[in-house]
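Chemist: What shape does this take:
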Amino acid sequence: MTDQNCCPPREKAQGCCPPDEPPKTAAGCCPPPSDPAPSCCPPSTPETCSPPDSEGPSCCPPSENASCCPPGPADDRPGYRLCSYVSGWLDSPLGRIPQVKTTLERSDLFGRWQMRWGIGRMRYQVTPGIYALGTPGAESPVLVSANYKLSFDIVRRSMHGRSAWILVIDTQGINVWCAAGKGTFGTDEIVRRVNATRLEEIVSHRTLVVPQLGAPGVAAHEVKKRCGFSVAYGPVQARDLPDFLDAGMKATPAMRQVGFGTLERFVLTPVELVGMGKKSLWVALALLILGGIGPDIFSLHGALVRGGTAILVFLTSLLAGAVLTPVLLPWVPGRAFSVKGAIVGGAAALLALPFLAPSLGVLCSLAALLLSASVSSYCAMNFTGSTTFTSPSGVQKEMRRYIPFQGGALGLAALLWIGAAFYGVAS
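Modeler: Below is the predicted model:
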């Protein structure tokens, strides 16, 4: 549910009761038709509008104090609406809990596409709290998820046709794996959310299914000690959750393995390109300026021709490091991502230069080769944060080792490029 709104007005609603029902007496809970049409929920502000499972007050009263009218798919609150993934409400001992769909709609798919391109990444969040899948009861499993909506969507889609509770914890809009490394998906937040939602009053068991990729941030014994719930680590892939639950929360060896296939690597490349977007504009401007430097101090023709060629080389190296290297990762020689990127970038430059600038001189060709290798190496090094076989310490070590080489190669490329214009080696 969003910060701004969570309850829409019910269409054709007049007061608490549907218009086709006769008005109640003064002792009833609904006002006569002549009275103004109040909402079923007490007035509140958007700041206090939160699911009944959250730490803030609920939008609507608990079920025992609710209206005599049958509940609709949403609350009669003018100016509010339900998020598209919420289908209705489920009564619980603590009030009504939002029910979420197990199928993704167009808005969900569009949001997923936006995340792949890094658009609005930090705003793609779900309100922390408790949600219902299907019609869960006291014995239904409790699945813990991050409040990054892409993670939330994957969990609810994987449980199609099942009933369960989803306990969404506040990871500040970060996915489970990264949040576990940053400390936002961890013991403290799980305990805090269990207590805030009064989960022990909703379910009769005392087990939380926590994603395996969240294990680095969770101390199971501390969770048990502080809130009374045991932790069962679920499978790596959310799609295996039904089989995991059917097997009595026992995972097969395959469920514990982390894969990182070609398609999984490829879908991560758009956000890498977008991440280089602003930097690329500054680099393109610098290349145009360098291209115009020559015997005449600065030449507009040189900026367009030589600078334009350098920009094409730069874009080629960008694709080589941010797309080709991740896709070809297992087959490129070398262990360090920086080395892999340099190899792919250099090979891409050798293949592209005859087409981009067939009459490019020797010095400019060498400069283009160094530019492509260094930029591709840098982009590939950035991809380490998306992989399953790197560690923070390993990434820092690689950066300390190879960034000086990347900077040195760029500096040498700039000298060769400018020198070619002064010595007349360039065409």
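
Chemist: CA only for contacts and neighbour counts going forward, please
Modeler: OK.

Chemist: any low-confidence regions in the stretch 251-400 of the chain?
Modeler: Applying pLDDT under 70 to the stretch 251-400 of the chain flags the ranges 356-359.

Chemist: in it, which spans are strands?
Modeler: Taking DSSP state E, counting those that start in this stretch as the criterion, the stretch 251-400 of the chain carries its strands at 293-294, 297-298.

Chemist: now the stretch 51-200 of the chain
Modeler: Secondary structure of the stretch 51-200 of the chain (DSSP E, counting those that start in this stretch): strands located at 86-92, 95-100, 129-133, 142-146, 164-169.

Chemist: could you dump the ones you listed to JSON lines with mean pLDDT and distance to M255?
Modeler: Shown next, in JSON lines, are the strands of the stretch 51-200 of the chain (pLDDT from 0 to 100; distance: least, C-alpha to C-alpha, whole Å):
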{"stretch": "strand 86-92", "mean pLDDT": "91", "distance to M255": "29"}
{"stretch": "strand 95-100", "mean pLDDT": "93", "distance to M255": "26"}
{"stretch": "strand 129-133", "mean pLDDT": "96", "distance to M255": "22"}
{"stretch": "strand 142-146", "mean pLDDT": "97", "distance to M255": "16"}
{"stretch": "strand 164-169", "mean pLDDT": "97", "distance to M255": "20"}
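
Chemist: right, and these - which one's nearest A286?
Modeler: With respect to A286, and counting by C-alpha to C-alpha, the nearest of the strands of the stretch 51-200 of the chain is strand 142-146 at 41.2 Å.

Chemist: which of the strands of the stretch 251-400 of the chain is buried the deepest?
Modeler: When neighbours are counted by mean count of other C-alpha atoms under 10 Å, the highest per-stretch mean among the strands of the stretch 251-400 of the chain falls to strand 293-294, a mean of 20.

Chemist: by contact count, what packs against that one?
Modeler: helix 300-319, helix 392-422 (3 or more C-alpha pairs under 8 Å, 6 or more residues apart in numbering; DSSP states H and E).

Chemist: ranking those helices by burial, who's on top?
Modeler: For these, ranked by mean neighbour count under the definition mean count of other C-alpha under 10 Å, the leader is helix 300-319 at a mean of 21.

Chemist: elements contacting that helix?
Modeler: helix 277-292, strand 293-294, helix 337-356, helix 362-382.

Chemist: Kindly state the domain boundaries assigned to this protein.
Modeler: Dividing the chain into domains by automatic domain parsing, as the record does, gives the ranges 1-82, 85-258, 263-422.

Chemist: Was I right to think A220 contacts G228?
Modeler: No: under the criterion of C-alpha atoms under 8 Å, A220 lies out of contact with G228, with a separation of 10.6 Å.

Chemist: Let's have the helices and strands packed on strand 293-294 in TSV, adding distance to I154.
Modeler: Putting the helices and strands packed on strand 293-294 into TSV (distance: least, C-alpha to C-alpha, whole Å) gives the following:
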stretch	distance to I154
helix 300-319	29
helix 392-422	26
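
Chemist: Go through the ones you listed and name the closest to I97.
Modeler: For I97, the closest of those is helix 392-422, at 38.9 Å, according to C-alpha to C-alpha.

Chemist: show me what contacts the spatially closest residue to A251 that is not a sequence neighbour?
Modeler: Spatial nearest neighbour of A251, excluding adjacent residues (C-alpha to C-alpha, 6 or more residues apart in numbering): F244 at 5.7 Å. Residues in contact with F244 (C-alpha atoms under 8 Å, 6 or more residues apart in numbering) are G234, P235, K250, A251.

Chemist: helix, strand or coil for F244?
Modeler: Taken by DSSP: H, G, I helix; E, B strand; the rest coil, the conformation at F244 corresponds to helix.

Chemist: Could you give the number of residues near the residue lying closest to S377 once chain neighbours are set aside?
Modeler: Nearest residue to S377, sequence neighbours excluded (C-alpha to C-alpha, 6+ apart): G341, at 4.0 Å. Other residues within reach of G341, judged by other C-alpha atoms under 10 Å, total 34.

Chemist: so G341 touches T384, yeah?
Modeler: No: in this structure, G341 sits apart from T384 without contact. The criterion is C-alpha under 8 Å, and the distance is 11.3 Å.

Chemist: Verify the contact between F298 and L304 for me.
Modeler: No: with contact defined as C-alpha under 8 Å, F298 does not count as touching L304 (11.3 Å).

Chemist: Roughly how far does D108 sit from F152?
Modeler: As for D108, its distance to F152 is 11 Å (criterion: C-alpha to C-alpha, to the nearest Å).

Chemist: That should have said Q99, apologies.
Modeler: Counting by C-alpha to C-alpha, the separation of Q99 from F152 is 13 Å.

Chemist: low-scoring pLDDT stretches of the stretch 51-200 of the chain, where are they?
Modeler: Confidence mapping of the stretch 51-200 of the chain against pLDDT under 70 gives the ranges 51-81.

Chemist: quick revisit: out of the strands of the stretch 51-200 of the chain, flag the one nearest C364.
Modeler: Shortest separation from C364 across these is recorded for strand 142-146, at 50.0 Å, computed as C-alpha to C-alpha.

Chemist: other SSEs contacting the closest one?
Modeler: Under the contact criterion of 3+ C-alpha pairs under 8 Å, 6+ apart, the helices and strands touching strand 142-146 comprise helix 149-158, strand 164-169, strand 207-210.

Chemist: want to throw the ones you listed into TSV with mean neighbour count and distance to R112?
Modeler: Formatted as TSV, those follow (neighbours: other C-alpha atoms under 10 Å; distance: least, C-alpha to C-alpha, whole Å):
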stretch	mean neighbour count	distance to R112
helix 149-158	21	7
strand 164-169	26	18
strand 207-210	21	23
